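S.K.: Need coordinates for the following:
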Amino acid sequence: MEAAVLAGASRLRPVTIERIDLDREAGAWLAAVGLHEGAQVVVLRQAALGGPLHVRTSDGGEFAVAREIASKIRVRPAAEPQKT
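M.R.: As a prediction, the model looks like this:
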């Protein structure tokens, strides 16, 4: 099963980044702000009319990601913590 993309992630549902399909320079910038393989992110808001996504990284950083870039970030649902 192919991974979904960040642009299609549901609001407030944590996802884990599996792969970023962008050039090396763009990937390095995303990694520097906390968007890298294995990172967990949450979409907080989705702008209307194809605008950017407001995301929060597991490190607590929040910023906007262009929908075009978010469509190149492959994600899967984050594993839920085990209940004790």
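S.K.: In contact with Val5, which residues?
M.R.: 70-75 (Cβ atoms under 8 Å, 6 or more residues apart in numbering). The way it works is simple: take the backbone N, C-alpha and C, and place the C-beta from them, glycine included.
S.K.: Would you mind finding the longest helix in the chain?
M.R.: Looking across the chain with DSSP state H, the single longest helix is helix 24-32.
S.K.: buried subset of the contacts of Val5?
M.R.: For the contacts of Val5, a burial check counting by 16 or more other Cβ atoms under 10 Å picks out 70, 72-75.
S.K.: quick one, strands of this protein?
M.R.: Along the chain, counting by DSSP state E, strands occupy 4-5, 15-20, 40-46, 53-57, 62-65, 73-77.
S.K.: out of the ones you listed, nearest to Leu30?
M.R.: strand 15-20 (6.1 Å; Cβ to Cβ).
S.K.: Name every strand pairing with that closest one and say which way it goes.
M.R.: Using DSSP bridges, the strands paired with strand 15-20 are strand 40-46 (antiparallel), strand 73-77 (antiparallel).
S.K.: any low-confidence regions in this protein?
M.R.: 1-3, 80-84 (pLDDT under 70).
S.K.: change it to 90
M.R.: 1-3, 48-50, 58-59, 79-84 (pLDDT under 90).
S.K.: List the residues that contact Ser10.
M.R.: Ser10 touches Val43, counting by Cβ under 8 Å, 6+ apart.
S.K.: Look up how far Val43 lies from it.
M.R.: 7 Å (Cβ to Cβ, to the nearest Å).
S.K.: one step back: deepest of the strands paired with strand 15-20, which one?
M.R.: Across the strands paired with strand 15-20, averaging neighbours per residue (mean count of other Cβ atoms under 10 Å) puts strand 73-77 on top, at a mean of 19.
S.K.: quick revisit: nearest to Gly51, of the contacts of Val5?
M.R.: Nearest member of those to Gly51, counting by Cβ to Cβ, is Ala70, at 10.8 Å.
S.K.: So that closest one is in contact with Leu53, correct?
M.R.: Yes - using Cβ atoms under 8 Å, Ala70 is in contact with Leu53, at 5.2 Å.
S.K.: Now Leu30: closest residue in space, sequence neighbours ignored.
M.R.: Ile20 (6.1 Å; Cβ to Cβ, 6 or more residues apart in numbering).
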